[in-house]
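In: Sequence plus the predicted model coming up.
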Amino acid sequence: MPFVPHTEDEVREMLATIGVDSVEDLFAEITPDMRPKSFDIPEGLSEMDVLSKLEGLAAKNATNSVSFLGAGFYDHYIPAAVDALTMRGEFYTAYTPYQPEASQGTLQAIFEYQTAVTRLLGMECANASVYDGGTALYEALMMAVRKTKRRKIVVSEALNPIYRVMLGSYTSNLDLEFVTVPHKDGMTDIEGLKAALDDSIAAVLVQNPNFFGSINDFTGLFEAAAKVKAVSIVSAYPVLQSLLKTPGAMGADVAVAEGQSLGLPLSFGGPYLGIMTCTKAMVRQMPGRIVGRTTDTKGRTGYVLTLQAREQHIRRQKATSNICSNQSLCALRALVHMCALGELGLKRAARVSVERAHICAGKLTAIPGVEMLTKGAFGNEFAVTLPVNAFEVIAKLTERGFVPGFPLGRYFEGLENGLLVACTEKTSEEQIGIFAEMLRGALK
């Protein structure tokens with residue numbers, strides 16, 4: 001028998017309070033053509049039949065393709081230890097510590113995660129994460145707005161366009177003004193960003209490496225932002241931070257990242273991990289939870305929620321955010337992944353990824369008509385221009401089991417022939433060679 005929580009009298013009372021006559025009136029905004037045509041659900045199946053049906057559906061997915069797709073999400077190798085440890089029951093059944101001091105294991109795991117990501121990014125403080133890299137960037141922007149009381153933001157066009165779309169969606173009704181500084185042939189226009197800074201600017205948003213794979217040092221830009229009291233925000237790629245100058249060393253006020261590359265499978269788009277770090281001066285603007293380590297009255301080590309400025313803990317109008325989830329399991333995977341690799345292992349994964357990308361760039365640009373778009377130093381990702389529309393090439397090669405990259409024309413006008421290519425330590429030189437020959441054939 002189905003569970004029905006309300007009596008007919010209670011339903012009528014609720015409808016009267018809302019001011020509608022029937023439950024159907026609640027859905028009046030949904031046009032008839034968009035409403036369910038039928039609830040004629042098929043008869044149930046046995047466990048064996050369900051398994052067979054789901055396996056058939058799963059088999060339709062192209063899981064064996066060789067992928068050079070990146071654009072913010074990367075297929076790095078995940079050690080078996082990550083699954084073995086994080087799938088223990090005490091970890092994967094744990095969620096938000098609503099009675100925090102009773103959840104010492106969860107709090108310690110979060111504290112260790114915070115410690116690891118602040119060291120990786122060279123920052124002073126971290127929270128227990130938000131949803132993903134895009135929401136982390138939005139939360140960083142709002143930190144700057146609260147800190148400066150300003151409404152104008154300078155954004156580099158070389159910032160991930162997916163994130164820029166997310167920023168536009170989240171802020172569409174917040175009366176904020178965005179000044180977008182165009183990229184220069186895939187390069188971040190640092191001088192243009194500096195020129196856009198004045199005492200009306202709340203924050204400057206950049207990415208390293210940028211969306212086209214170009215590596216930058218934003219020290220000078222962040223110094224210029226500090227002079228007008230604007231907040232410097234950088235979106236970083238965690239794996240490459242083991243090799244590059246850190247956001248902290250550049251003088252960033254807030255550094256965020258998509259944590260997927262640290263032990264999280266691509267999984268058709270999630271769940272992922274929004275890494276958030278900042279300087280101590282910005283910590284009270286940071287959303288979510290921050291775990292601290294202390295001692296009790298007997299001198300024993302204990303873990304506590306030091307700051308918890310979310311709507312469930314304080315008055316709603318005082319909350320810093322209403323989307324600051326605690327992605328504990330995803331954060332734990334990132335922590336275990338970093339610990340399993342260690343400093344040398346993380347650097348080796350980054351170095352091999354960069355080496356493979358440079359080998360790939362060399363082979364692709366040896367093909368007539370293919371030219372580098374990314375200029376100067378780049379990491380494990382780079383952009384090229386093709387003599388034909390990139391969408392056509394992607395369609396041809398994907399059918400043959402090779403996903404050649406991300407079509408820049410999807411977000412950048414005038415770059416319809418642009419292709420963004422990524423490599424990781426899982427990309428073999430043999431695969432690169434096959435990719436180059438397939439591309440050569442597709443362009444003939």
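Out: Everything's here; your move.
In: Could you use CA atoms for every contact and neighbour count after this?
Out: Will do.
In: ranges for the strands of the stretch 51-200 of the chain?
Out: Ranges of strands in the stretch 51-200 of the chain, per DSSP state E, counting those that start in this stretch, are 66-67, 125-126, 152-156, 177-181.
In: Deepest in the core, which of these is it.
Out: strand 125-126 (a mean of 26; mean count of other CA atoms under 10 Å).
In: Return the distance of that one from the chain's centre.
Out: Strand 125-126 sits 17 Å away from the centroid of its parent chain (CA atoms, centre = their mean, to the nearest Å).
In: For that strand, which helices and strands make contact with it?
Out: helix 104-121, strand 274-278 (3 or more CA pairs under 8 Å, 6 or more residues apart in numbering; DSSP states H and E).
In: Turn those into CSV, columns for mean neighbour count and distance to residue 438.
Out: Below are these laid out as CSV (neighbours: other CA atoms under 10 Å; distance: least, CA to CA, whole Å):
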stretch, mean neighbour count, distance to residue 438
helix 104-121, 21, 38
strand 274-278, 30, 36
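In: out of these, nearest to residue 24?
Out: strand 274-278 (39.2 Å; CA to CA).
In: Flag every buried residue along the helix or strand just after that closest one.
Out: Moving toward the C-terminus from strand 274-278, the next helix or strand (DSSP states H and E) is strand 289-295. Of the residues in strand 289-295, 289-292 count as buried by neighbour count, 16 or more other CA atoms under 10 Å.
In: Please apply the same query to stretch 125-135.
Out: Within stretch 125-135, the residues scored as buried using 16+ other CA under 10 Å are 125-135.
In: tell me which of those residues is nearest to residue 38?
Out: Of all the buried residues of stretch 125-135, residue 38 sits closest to residue 131, with 35.0 Å by CA to CA.
In: how much space between that closest one and residue 361?
Out: 33 Å (CA to CA, to the nearest Å).
In: and if you look at residue 330?
Out: Distance, residue 330 to residue 361, by CA to CA: 33 Å.
In: thinking again about what came up before, would you mind putting the buried residues of strand 289-295 into JSON lines with distance to residue 184 and pLDDT alongside?
Out: Compiled in JSON lines, the buried residues of strand 289-295 are given as follows (distance: CA to CA, whole Å; pLDDT from 0 to 100):
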{"residue": "289", "distance to residue 184": "39", "pLDDT": "82"}
{"residue": "290", "distance to residue 184": "39", "pLDDT": "88"}
{"residue": "291", "distance to residue 184": "42", "pLDDT": "91"}
{"residue": "292", "distance to residue 184": "43", "pLDDT": "92"}
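In: Pipe those into TSV and attach distance to residue 410 per row.
Out: Below are the buried residues of strand 289-295 laid out as TSV (distance: CA to CA, whole Å):
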residue	distance to residue 410
289	36
290	38
291	40
292	43
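In: Most widely separated two among the residues you listed?
Out: 289 and 292 (9.8 Å).
In: any shared contact partners between these two?
Out: Jointly contacting residue 289 and residue 292 under the rule CA atoms under 8 Å, 6 or more residues apart in numbering are 305-306.
In: picking up where we left off before, can you tell me which of the strands of the stretch 51-200 of the chain is nearest to residue 228?
Out: strand 152-156 (12.7 Å).
In: now the angle between strand 177-181 and the closest one, please.
Out: On the basis of axes from the mean of the first three to the mean of the last three CA atoms, to 10 degrees, strand 152-156 is oriented at 30 degrees to strand 177-181.
In: Show me what the mean pLDDT comes to for strand 152-156.
Out: The average pLDDT for strand 152-156 rounds to 98.
In: repeat for stretch 248-258
Out: So the average pLDDT for stretch 248-258 ends up being 98.
In: how long is it end to end?
Out: Using CA to CA, the two ends of stretch 248-258 sit 17 Å apart.
In: Tell me which residues are up against it.
Out: Identification of contacts with stretch 248-258 by CA under 8 Å, 6+ apart yields 72-73, 121-123, 132-134, 136-137, 140, 217-219, 222-223, 231-238, 247, 272-279, 282.
In: Please narrow those residues to those residing in helices.
Out: Per DSSP state H, helices hold the following members of the contacts of stretch 248-258: 121, 133-134, 136-137, 140, 219, 222-223, 247.
In: Which of those are buried, as a ChimeraX select command?
Out: One line in ChimeraX is enough to select the buried ones among the ones in helices among the contacts of stretch 248-258; burial here means 16+ other CA under 10 Å:
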select :121,133,134,136,137,140,219,222,223,247
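In: ok so, going back, let me have the helices and strands packed on strand 125-126 in JSON lines, adding mean pLDDT and distance to residue 429 as columns.
Out: Formatted as JSON lines, the helices and strands packed on strand 125-126 follow (pLDDT from 0 to 100; distance: least, CA to CA, whole Å):
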{"stretch": "helix 104-121", "mean pLDDT": "94", "distance to residue 429": "29"}
{"stretch": "strand 274-278", "mean pLDDT": "97", "distance to residue 429": "32"}
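In: Let me have these in CSV, adding distance to residue 408 as columns.
Out: Formatted as CSV, these follow (distance: least, CA to CA, whole Å):
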stretch, distance to residue 408
helix 104-121, 28
strand 274-278, 24
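In: Residue 203 is nearest to which of these?
Out: Taking the helices and strands packed on strand 125-126 one by one with CA to CA, strand 274-278 is closest: 13.6 Å.
In: Which strands or helices does that closest one pack on?
Out: helix 104-121, strand 125-126, helix 133-148, strand 254-258.
In: how far off strand 254-258 does that strand point, in degrees?
Out: Interaxial angle, strand 274-278 versus strand 254-258 (the same axes, to 10 degrees): 170 degrees.
In: out of the strands of the stretch 51-200 of the chain, nearest to residue 421?
Out: For residue 421, the closest of the strands of the stretch 51-200 of the chain is strand 66-67, at 9.2 Å, according to CA to CA.
In: and for that closest one, what are the contacting residues?
Out: Counting by CA under 8 Å, 6+ apart, 401-405, 431 sit against strand 66-67.
In: what's the offset of that strand from the middle of its chain?
Out: Computed by CA atoms, centre = their mean, the separation of strand 66-67 from the middle of its chain amounts to 21 Å.
In: strands paired with that strand, and their directions?
Out: With DSSP bridges as the test, strand 66-67 is paired with strand 402-403 (parallel).
In: any idea how this structure splits into domains?
Out: 66-75+343-442, 80-337 (automatic domain parsing).
In: If I average pLDDT within each of those, which one is lowest?
Out: domain 80-337 (a mean of 92).
In: I'd like the distance from that domain to the chain centre, please.
Out: Centre-to-centre, domain 80-337 and its host chain are 10 Å apart (CA atoms, centre = their mean).
In: Residue 85 - how many residues pack around it?
Out: Neighbour count for residue 85, taken as other CA atoms under 10 Å: 15.
In: That one: what's it in contact with?
Out: Residues in contact with residue 85 (CA under 8 Å, 6+ apart) are residue 336.
In: what residues are up against the residue most central in space within the chain?
Out: Central residue of the chain (CA atoms, centre = their mean): residue 133, 2.5 Å from the mean position. By CA under 8 Å, 6+ apart, the contact set of residue 133 is 163, 235, 256-259, 273-275.
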